[in-house]
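Novice: 3D, please:
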Amino acid sequence: MDINEIAAFLAPLLPYFVKGGIEMGKAAAGKLGEKITEESWDGLKKLGGNKASDRSI
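Specialist: Prediction:
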């Protein structure tokens, strides 16, 4: 199979690949953000000890 044949076959599908890649990137960024937030919050809790839970509102 020639490279031109492959390119001609894949060219019409390119917009779908791009859209799928964007959606996968958004999902990955969301998961990464959740993980970073969770780790940051755990680190802050360790720095502060249990002071926040000792306070009554």
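
Novice: same question for whatever helix or strand Asn4 lives in, mean pLDDT?
Specialist: Asn4 is located in helix 3-10, with elements delineated by DSSP states H and E. The average of the pLDDT scores along helix 3-10 is 92.

Novice: try stretch 46-56
Specialist: Across stretch 46-56, the average pLDDT comes to 65.

Novice: cool, stretch 16-32 as well?
Specialist: According to the model, stretch 16-32 has a mean pLDDT of 92.

Novice: may I have it as CSV, with CA atoms only?
Specialist: Presented in CSV, the C-alpha positions along stretch 16-32 are these (Å, rounded to 0.1, in the frame of the first residue of the first chain):
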residue,chain,number,x,y,z
TYR,A,16,-13.1,12.8,13.7
PHE,A,17,-9.7,11.9,15.0
VAL,A,18,-9.0,15.5,16.0
LYS,A,19,-12.4,15.8,17.8
GLY,A,20,-11.7,12.5,19.6
GLY,A,21,-8.3,13.7,20.6
ILE,A,22,-9.6,16.9,22.0
GLU,A,23,-12.2,15.1,24.0
MET,A,24,-9.6,12.6,25.4
GLY,A,25,-7.4,15.6,26.3
LYS,A,26,-10.2,17.3,28.2
ALA,A,27,-11.0,14.1,30.1
ALA,A,28,-7.3,13.6,30.9
ALA,A,29,-7.0,17.2,32.1
GLY,A,30,-10.0,16.8,34.3
LYS,A,31,-8.7,13.6,36.0
LEU,A,32,-5.3,15.3,36.4
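
Novice: for the protein, longest helix please?
Specialist: helix 14-48 (DSSP state H).

Novice: for it, the distance to its chain's centre please.
Specialist: 3 Å (CA atoms, centre = their mean, to the nearest Å).

Novice: which strands or helices does that helix pack on?
Specialist: Of the remaining helices and strands, none touches helix 14-48 by 3 or more CB pairs under 8 Å, 6 or more residues apart in numbering; DSSP states H and E. C-beta coordinates here come from the backbone N, C-alpha and C atoms, glycine included.
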